[in-house]
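Enquirer: Generate a structure from the sequence data that follows.
(4 chains)
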4 protein chains.
Amino acid sequence: MSATEEEQTPVPNQVTEERIRVRYGETDQMGHAYYANYLYWFEQARGAWCRDRGFTDKALEAQGYLMPAVEAHLRYKGEVKYDDWIVVRVWVEQIRRSAMQFQYEILNETTGKIVTEGYTWHVWVGQTKTAITIPAEIRALLNRKPGEYERLP
Amino acid sequence: MSATEEEQTPVPNQVTEERIRVRYGETDQMGHAYYANYLYWFEQARGAWCRDRGFTDKALEAQGYLMPAVEAHLRYKGEVKYDDWIVVRVWVEQIRRSAMQFQYEILNETTGKIVTEGYTWHVWVGQTKTAITIPAEIRALLNRKPGEYERLP
Amino acid sequence: MSATEEEQTPVPNQVTEERIRVRYGETDQMGHAYYANYLYWFEQARGAWCRDRGFTDKALEAQGYLMPAVEAHLRYKGEVKYDDWIVVRVWVEQIRRSAMQFQYEILNETTGKIVTEGYTWHVWVGQTKTAITIPAEIRALLNRKPGEYERLP
Amino acid sequence: MSATEEEQTPVPNQVTEERIRVRYGETDQMGHAYYANYLYWFEQARGAWCRDRGFTDKALEAQGYLMPAVEAHLRYKGEVKYDDWIVVRVWVEQIRRSAMQFQYEILNETTGKIVTEGYTWHVWVGQTKTAITIPAEIRALLNRKPGEYERLP
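Expert: Predicted coordinates:
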């Protein structure tokens, strides 16, 4: 993200947690989860983050709003193995004019350790497939607090 | 496939070969390629089968013609490991009114053994997302013989 | 499976259900779940099947017992889309001397339709990486009935 | 990586290129390659980087040397679609006492644009599964120049 883009909406670090069991097919021959799978887990946690605020990214996408990733960062700090239960903690760290940053922390419940940290940046894109200023109605959704809205199933 | 659907176009079993190197991320903790990855390799071989006949499924899809899989079968007979070179042999076994069957055989070049056999059935679908009779111009493409047409890069 | 292998232990078709939400990364540009992902879901359901009977395949693997897939079959009958909740129903259909067959049925909760049917065959393999007669203590696990044992978390 | 770890071996930025065709199963419903797949492509390019210098990471792994990723960073700058040919350019940017950094640039041949930049950090791990000082014989491999050694098939 350009450093000159002005941050407009500080968002409290309200965390959503998503619990995921590691699949056999997500391991590699080293015996750990392959390093690409964490990005699937981040994605699943983002979906939960939305549902926690009473909306779905699927519904926004049906209206023509997409939020493709433009940047991702991961630090692999500990072991994640087959059948482990992990908890992905996700929160929005920054919302700018047309982009937003999610941060993540993964707890391996089975070992009790924080095993991963990371972030992703996403740009909001509209029907024309170009970056848009986040519309007010979407910004309102993003600023919702979990607990105020019923978590969608 | 319904046994009552009449086979209309016997196609000589002309084989296309696609060479693929096994990725680390395609292994699992058992030390072999995970069993789902073979369906990715089958798909890549189908793409090569089309290019061998001078067209691409991508171009057909751009025209609104899709060929989703409706059935898949795999027999895992031997070892496939990281960094192995495999050769996927693919040919069309049957073409019916609206469906076609690809058959596959995977040779592990590194071990010299046939390690997998399988097939997939695909239905042709048009703009309305429902099954269609395969149009004459597509049927003509499917009946091309490799060698008569330049393999697309 | 060889037809001459004698079936030794008929197992009642006791079904375990595993509920899975479809990930964005599991879709393809056709807008549906890519056809290989079903094999990941089958695998996750097999893990739940074991936990339903008070044991884990992970623990058996730690003891040197593996059950690699030797055959897989899938019929794709209906739509599975991003964010859908699916329920994978899994049961053991046959147990032979050294092999066993799982059968599967996937219900798309979001649409209410049965969208997939399939089966997989697995051979039991021991420390020497060759097929073994299923040991009595493992056979006892496989013949457990869900409900008699506490489902593992 | 700790900033206090001293860089010991500046390595000329000698680039290896790996050409990859994008699979259908690597796309998502947005119509682009899903953001996790780039880490698979980075991995495939690292394998090519080794072969370009006359050795394989597979052979090192067989000797007990692993190089798990401890950090990854990706910037998604442009479109990658089904059937596109991409070229992953990979080079080693830093080699420290027990860790090394690969950098990557992906060119989409089909569009002619640089579509991705990234890096990964890897720690060398030995039989005991703990970080080791990179052994002299491995350091010698890492400092090889492509062209001096025959590229392995």
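Enquirer: following the helix or strand A:Glu18 falls within, which helix or strand comes up?
Expert: Element membership for A:Glu18, per DSSP states H and E: strand A:16-21. Downstream of strand A:16-21, the next assigned helix or strand under DSSP H and E is helix A:37-51.
Enquirer: related to what we said a few turns ago, report the buried residues of the strand holding A:Glu18.
Expert: A:16, A:18, A:20-21 (16 or more other Cβ atoms under 10 Å in any protein chain shown). C-betas here are computed from N, CA, C, even on glycine.
Enquirer: What is the nearest of the residues you listed to chain C?
Expert: Lowest distance from chain C to those (Cβ to the nearest Cβ) belongs to A:Arg21, with 7.4 Å.
Enquirer: Just grab the bridge partners of that closest one for me.
Expert: Residues in a beta bridge with A:Arg21, per DSSP bridges, are A:Trp85.
Enquirer: Contact partners for it?
Expert: A:83-86, C:44, C:47 (Cβ atoms under 8 Å, 6 or more residues apart in numbering or on different chains).
Enquirer: what about A:Pro146, how many neighbours?
Expert: Residue neighbour count, defined by other Cβ atoms under 10 Å in any protein chain shown, stands at 17 for A:Pro146.
Enquirer: likewise A:Leu74?
Expert: 25.
Enquirer: low-scoring stretches of chain A, by residue?
Expert: A:1-13 (pLDDT under 70).
Enquirer: circling back: redo the contacts of A:Arg21 as JSON lines? Include neighbour count.
Expert: As requested, the contacts of A:Arg21 are exported to JSON lines (neighbours: other Cβ atoms under 10 Å in any protein chain shown):
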{"residue": "A:Asp83", "neighbour count": "19"}
{"residue": "A:Asp84", "neighbour count": "18"}
{"residue": "A:Trp85", "neighbour count": "13"}
{"residue": "A:Ile86", "neighbour count": "22"}
{"residue": "C:Gln44", "neighbour count": "21"}
{"residue": "C:Gly47", "neighbour count": "22"}
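Enquirer: With respect to chain B, which of those is nearest?
Expert: Lowest distance from chain B to the contacts of A:Arg21 (Cβ to the nearest Cβ) belongs to A:Asp83, with 10.5 Å.
Enquirer: thinking again about what came up before, using PDB, write down the CA coordinates of the strand holding A:Glu18.
Expert: This file holds the C-alpha atoms of strand A:16-21, laid out as PDB (Å, rounded to 0.1, in the frame of the first residue of the first chain):
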ATOM      1  CA  THR A  16     -13.000 -13.000  15.100                       C
ATOM      2  CA  GLU A  17     -11.900 -16.600  15.600                       C
ATOM      3  CA  GLU A  18     -12.300 -19.500  13.200                       C
ATOM      4  CA  ARG A  19     -11.600 -23.000  14.300                       C
ATOM      5  CA  ILE A  20     -10.200 -25.300  11.600                       C
ATOM      6  CA  ARG A  21      -9.100 -28.900  11.600                       C
END
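Enquirer: count of residues packed around A:Phe55?
Expert: 17.
Enquirer: and it, that one's in a strand?
Expert: No - checked against DSSP: H, G, I helix; E, B strand; the rest coil, A:Phe55 lies outside a strand; its state is coil.
Enquirer: Which strand or helix spans the closest residue in space to it that isn't next to it in sequence?
Expert: Distances taken as Cβ to Cβ, 6 or more residues apart in numbering or on different chains place A:Leu141 nearest to A:Phe55, at 5.1 Å, with adjacent residues excluded. Using DSSP H and E, the element containing A:Leu141 is helix A:136-142.
Enquirer: Find the centremost residue of chain A, please.
Expert: Among the residues of chain A, A:Arg46 comes closest to the average C-alpha position under Cα atoms, centre = their mean, at 3.4 Å.
Enquirer: quick one: contacts for the residue lying closest to A:Arg19 once chain neighbours are set aside?
Expert: Leaving aside its sequence neighbours, A:Arg19 sits nearest to A:Val87 (Cβ to Cβ, 6+ apart; 5.3 Å). By Cβ under 8 Å, 6+ apart, the residues touching A:Val87 are A:17-20, A:106-107, A:109.
Enquirer: Give the buried residues for stretch A:133-142.
Expert: By neighbour count on 16+ other Cβ under 10 Å, the buried set for stretch A:133-142 is A:134, A:138, A:141-142.
Enquirer: Could you verify that A:Ala59 is part of a strand?
Expert: No - counting by three-state DSSP, A:Ala59 is not part of a strand but helix.
Enquirer: what about it, how many neighbours?
Expert: Neighbour count for A:Ala59, taken as other Cβ under 10 Å: 13.
Enquirer: ok, back up a step: please save the CA atoms from the helix holding A:Leu141 in CSV.
Expert: Taking C-alpha atoms only, helix A:136-142 is exported to CSV below (Å, rounded to 0.1, in the frame of the first residue of the first chain):
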residue,chain,number,x,y,z
ALA,A,136,-20.5,4.1,2.4
GLU,A,137,-22.9,1.1,2.8
ILE,A,138,-19.9,-1.3,2.7
ARG,A,139,-17.9,0.9,5.0
ALA,A,140,-20.7,0.7,7.5
LEU,A,141,-20.6,-3.1,7.3
LEU,A,142,-16.9,-3.1,7.9
